[in-house]
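Asker: have a look; sequence and predicted model below, questions after that.
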Amino acid sequence: MKLRRAYLRETVAGVVQVVAIVAVLATAGTSRGAEPPSPLREGTRAFYRSEFERAASLARTYIKAHPQDPAGLILLARAEMAQGRYQPAYQELRKALRADPKNIDALFYLAQLSKILGQHEYQQLFATAPDSLRAHQFLAESYYAERNEKKAIEEYEAALRAAPRSVEVLCSLGDLERWQLRFDKAIGYYSRAAELEPNGYCGPYGLGVAHLRRHELPQAIEYFRRALTSDPNSGVARLALGSALLSSGDVTGALTELKSAVALKPDLRQAYGLLAKVYRTLGQLREAEESLRKAKELEQREHEYLQRALILDDLSAAS
């Protein structure tokens, strides 16, 4: 129990340190063009001098004059976070996103704040129910985030002992086993989930993926169709079904599903790659070229996102 609490304290501390380091980078993007007015500039300086109450006061002054400028709201949120006032910080970040839904700084700090709030809630969980389903599930997800699949599986198995009929945990175990190419075990967990929830999504979808990876196409197609009966708007399941149909030689069926996949989820790079293959097979070279161009564009976007994530990982390690 002490180890779990220590782990949570270290995680929260790590998040706060990352927020402090990345703030230097984020501030550069917060205000563009002309130099910010004095209260915002002075408030930012006060923040980096650890004068958090003064930073908050100056941010409020700036917000009164510029209520729709996310920069002031973000500075106030950061000052509140630094003083442990997480709920007010959350409200300010939500206001910033209402003013600018795509503001990168607001999105970043909201993500970090959500982690901190979650840690506090789970501290209470471990204090009241250390051997509960949710306690073991949280530890499993934490271990998986650290790429410790062995410990993650152990905690998920403990969660399953606490709640043997949890479809959510069964599917999580199935996912972990599938990602490690242990398809027999994965199919076992997914099958139990599908039995408990015949009209559900995760059991049939997981079974479809496992059978597809084993090149058992008829079973894969059957389970993907079952998953789509539960969730017809799943772009990922449409992509998987399209891939299975294409591998089985049903080019027309694959085209229908892949077009549906990108309509539902336009950032599915793999779907565009498969569409290019389908269009080439059908002799539609212009459409094939356009699909391939879109796939490369999304691949570049994913690469840029990964580069940014690696920078944040480096900052976290440095802290």
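Answerer: That came in fine, so what should we check first?
Asker: now do the same for the helix or strand harbouring residue 157: mean pLDDT, whole number.
Answerer: Per DSSP states H and E, residue 157 falls inside helix 149-162. Helix 149-162 shows an average pLDDT of 92 in the prediction.
Asker: helix or strand right after it?
Answerer: By DSSP H and E, the next helix or strand past helix 149-162 is helix 167-179.
Asker: in the helix or strand just after that next one, what counts as buried?
Answerer: Once helix 167-179 ends, the next helix or strand along the chain (criterion: DSSP H and E) is helix 183-196. For helix 183-196, a neighbour-count test (16 or more other Cβ atoms under 10 Å) marks 183, 185-194 as buried. Quick note: C-beta positions are derived from backbone N, CA and C, even for glycine.
Asker: next: stretch 61-69.
Answerer: 61-63, 66, 69.
Asker: for stretch 40-51, same thing?
Answerer: Counting neighbours by 16+ other Cβ under 10 Å, stretch 40-51 gives 40, 42-44, 46-47, 51 as buried.
Asker: do stretch 155-172 as well
Answerer: By neighbour count with 16+ other Cβ under 10 Å, stretch 155-172 contains the buried residues 155-156, 158-160, 162-163, 166-167, 169-172.
Asker: poorly predicted segments of the stretch 51-200 of the chain, please.
Answerer: Filtered on pLDDT under 70, the stretch 51-200 of the chain yields the residue ranges 117-125.
Asker: and if we set it to 80?
Answerer: 101-102, 111-130, 138, 142, 145-146 (pLDDT under 80).
Asker: SS state for residue 266?
Answerer: Assigned state for residue 266: coil (three-state reduction, DSSP: H, G, I helix; E, B strand; the rest coil).
Asker: and it, its phi and psi?
Answerer: phi -70, psi -10 (degrees, to the nearest 10).
Asker: and it, what is it in contact with?
Answerer: Taking Cβ atoms under 8 Å, 6 or more residues apart in numbering, we find residue 266 in contact with no residue.
Asker: how close does it sit to residue 290?
Answerer: 14 Å (Cβ to Cβ, to the nearest Å).
Asker: distance of residue 183 from residue 216?
Answerer: 9 Å.
Asker: go on, residue 240?
Answerer: On the measure of Cβ to Cβ, residue 240 and residue 216 end up 13 Å apart.
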